[in-house]
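Engineer: Turn this into a model:
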Amino acid sequence: MGLRERIRFKVLWVRLPVQIAFLLFSWTIGSEAVRVALGDRLEVGLLPESVRTVLRLLYEALSLPLLSFGAVQVMLSKPYFPWLAAGILILMPLILGGAFCGWVCPFGLVMDLLSYVRRKRVQISPRTHSQARRIKYVVLGLTLVVSGSLAAALASGGGDDYRTALGASAAAPYYSVSPATTIFVLIPELLAKFQESPGVAASTWEEQWEFLSTTPILLYARLVIAAITVLGGVYISRFWCRYFCPLGAMISVFSRVGFLGLRRDPVKCGKCRECVERCPMAVRILDLPWEKLTDPDCTMCLVCRDACPQRAIRPKLS
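Structural biologist: Here you go, the predicted model:
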């Protein structure tokens with residue numbers, strides 16, 4: 001075996017640094033609380049303002065699906081119809097498929113890292129996987145129903161009581177319980193608050209949490225959901241992404257007819273199933289058309305490409 005074969009290029013070498021970069025951008029640029037909680041260890045103030053502006057614009061441009069999904073919920077709570085945000089959620093998956101989930105989403109990186117904690121992961125049967133993956137569409141539907149019904153009620157002039165009843169969930173129903181916002185925003189906010197008041201007793205935690213405009217019950221629920229998600233990510237690859245993420249469900253609706261996909265060379269492919277076994281989203285690659293694979297759950301992470309010993313899988317744009 002030659003040197004070229006021994007040192008085979010892997011997409012992971014590029015994808016992982018890109019994911020880490022976006023995670024750091026989301027922390028250092030997007031969350032003041034994280035910088036406070038971590039004692040400015042991740043502060044990027046040493047960079048020139050022009051560089052910070054470019055990084056911010058780059059992060060926001062490539063994170064448009066994530067930002068747009070939040071914008072849809074917020075605008076419906078005003079109520080305004082989110083034309084631009086909805087257009088972005090349709091257009092970007094059509095062009096890039098599920099690449100946002102595999103390359104940009106910070107919580108996707110968390111799920112990937114958790115999968116390394118346990119070498120041998122739980123194997124989900126195809127039938128159970130097929131049924132469980134529908135949950136994320138239910139979560140998406142509930143999110144849109146809550147936001148849409150609130151918008152309709154406000155537009156008719158009688159939604160104030162409804163918005164009051166929803167409380168902190170009115171502006172963004174999904175993000176009020178999302179494990180990603182719990183880990184990236186809520187917990188850093190708590191750390192920052194406790195850092196400002198280190199002598200706060202545990203009995204007054206509810207008072208400290210009031211600044212987040214949430215109730216203790218909702219807060220406990222968020223922490224439990226985040227804990228279950230982390231534990232699930234240790235045992236099942238991309239646990240949250242596979243079965244619960246509504247943004248991933250939204251992207252999958254349009255990515256299945258997108259321009260970007262995968263091609264499996266039937267001549268080179270020996271059907272060894274390495275690609276299927278390694279796929280973090282449990283995509284049944286060998287059961288799909290070889291000409292172009294645009295499975296709705298594919299995140300274009302290209303783990304299958306790296307795993308294939310015959311190099312039979314590659315991206316395809318058409």
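Engineer: is it true that A85 lies in a helix?
Structural biologist: Yes: applying DSSP: H, G, I helix; E, B strand; the rest coil, one finds A85 inside a helix.
Engineer: Show me the shaky parts of the stretch 201-318 of the chain.
Structural biologist: 201-215 (pLDDT under 70).
Engineer: residue ranges for the helices of it, please.
Structural biologist: 205-209, 216-235, 239-243, 246-255, 274-278, 303-307 (DSSP state H, counting those that start in this stretch).
Engineer: Contact partners for the closest residue to A170 other than its chain neighbours?
Structural biologist: Closest residue to A170 apart from its sequence neighbours, by Cβ to Cβ, 6 or more residues apart in numbering: R163 at 4.6 Å. Backbone N, C-alpha and C define where each C-beta goes, glycine included. The contact partners of R163, taken as Cβ atoms under 8 Å, 6 or more residues apart in numbering, are S77, L150, A153, L154, A170.
Engineer: Give me the lowest-pLDDT entry from these.
Structural biologist: When these are compared on pLDDT, A170 comes out lowest, with 83.
Engineer: I figured that one was touching P79, is that so?
Structural biologist: No: counting by Cβ atoms under 8 Å, P79 is not a contact partner of A170; they are 10.8 Å apart.
Engineer: and M281, what is it in contact with?
Structural biologist: With Cβ under 8 Å, 6+ apart, M281 has these contacts: S237, R238, C241, R242, D297, C298, T299, C301.
Engineer: Quick check: phi and psi at the nearest residue to the first one once chain neighbours are set aside.
Structural biologist: Of all residues beyond its chain neighbours, the one nearest S237 is P280 (3.9 Å), with distances taken as Cβ to Cβ, 6+ apart. The phi and psi values for P280, taken as degrees, to the nearest 10, are phi -70, psi -20.
Engineer: Give the residues shared as contacts by A170 and P79.
Structural biologist: With Cβ under 8 Å, 6+ apart as the test, A170 and P79 both reach L150.
Engineer: out of the two, which sits in the busier spot?
Structural biologist: A170 (22 against 18; other Cβ atoms under 10 Å).
Engineer: residues contacting that one?
Structural biologist: Neighbour list for A170: S77, L150, R163 [criterion: Cβ under 8 Å, 6+ apart].
Engineer: surely the first one meets A171?
Structural biologist: Yes: taking contact to mean Cβ under 8 Å, the distance of 4.9 Å between S77 and A171 places them in contact.
Engineer: Would you mind giving the helices of the stretch 201-318 of the chain as CSV with distance to L24 and mean neighbour count added?
Structural biologist: CSV is the format used below for these (distance: least, Cβ to Cβ, whole Å; neighbours: other Cβ atoms under 10 Å):
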stretch, distance to L24, mean neighbour count
helix 205-209, 27, 14
helix 216-235, 20, 16
helix 239-243, 20, 23
helix 246-255, 21, 24
helix 274-278, 27, 17
helix 303-307, 22, 21
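Engineer: To G87, which of those lies closest?
Structural biologist: Nearest of these to G87, taken as Cβ to Cβ: helix 246-255 at 11.3 Å.
Engineer: what's that closest one in contact with?
Structural biologist: Residues from elsewhere that reach helix 246-255 (Cβ under 8 Å, 6+ apart): 65-66, 69, 89-90, 92-94, 96-98, 100-101, 105, 136-137, 139-140, 143, 174, 241, 294, 296-299.
Engineer: and those residues, which of them are in helices?
Structural biologist: Judged by DSSP state H, the contacts of helix 246-255 include 65-66, 69, 89-90, 92-94, 96, 136-137, 139-140, 143, 241 as members of helices.
Engineer: List buried residues within these.
Structural biologist: Among the ones in helices among the contacts of helix 246-255, those classed as buried by 16 or more other Cβ atoms under 10 Å are 65-66, 69, 89, 92-93, 96, 136-137, 139-140, 143, 241.
Engineer: And for Y162, the neighbour number?
Structural biologist: 15.
Engineer: Can you tell me the SS state at it?
Structural biologist: helix.
Engineer: One more: the one 3 residues further on?
Structural biologist: Reducing the assignment to helix, strand or coil with three-state DSSP, the entry for A165 is helix.
Engineer: Next, find the distance separating it from G159.
Structural biologist: 10 Å (Cβ to Cβ, to the nearest Å).
Engineer: quick check, nearest of the ones in helices among the contacts of helix 246-255 to E189?
Structural biologist: Looking across these and measuring by Cβ to Cβ, the closest to E189 is L66, at 18.8 Å.
Engineer: From V110, how far off is that closest one?
Structural biologist: According to Cβ to Cβ, L66 and V110 sit 14 Å apart.
Engineer: Over to C101?
Structural biologist: For C101, the distance to V110 - Cβ to Cβ - is 12 Å.
Engineer: Looking at these two, which is more packed in?
Structural biologist: C101 (29 against 20).
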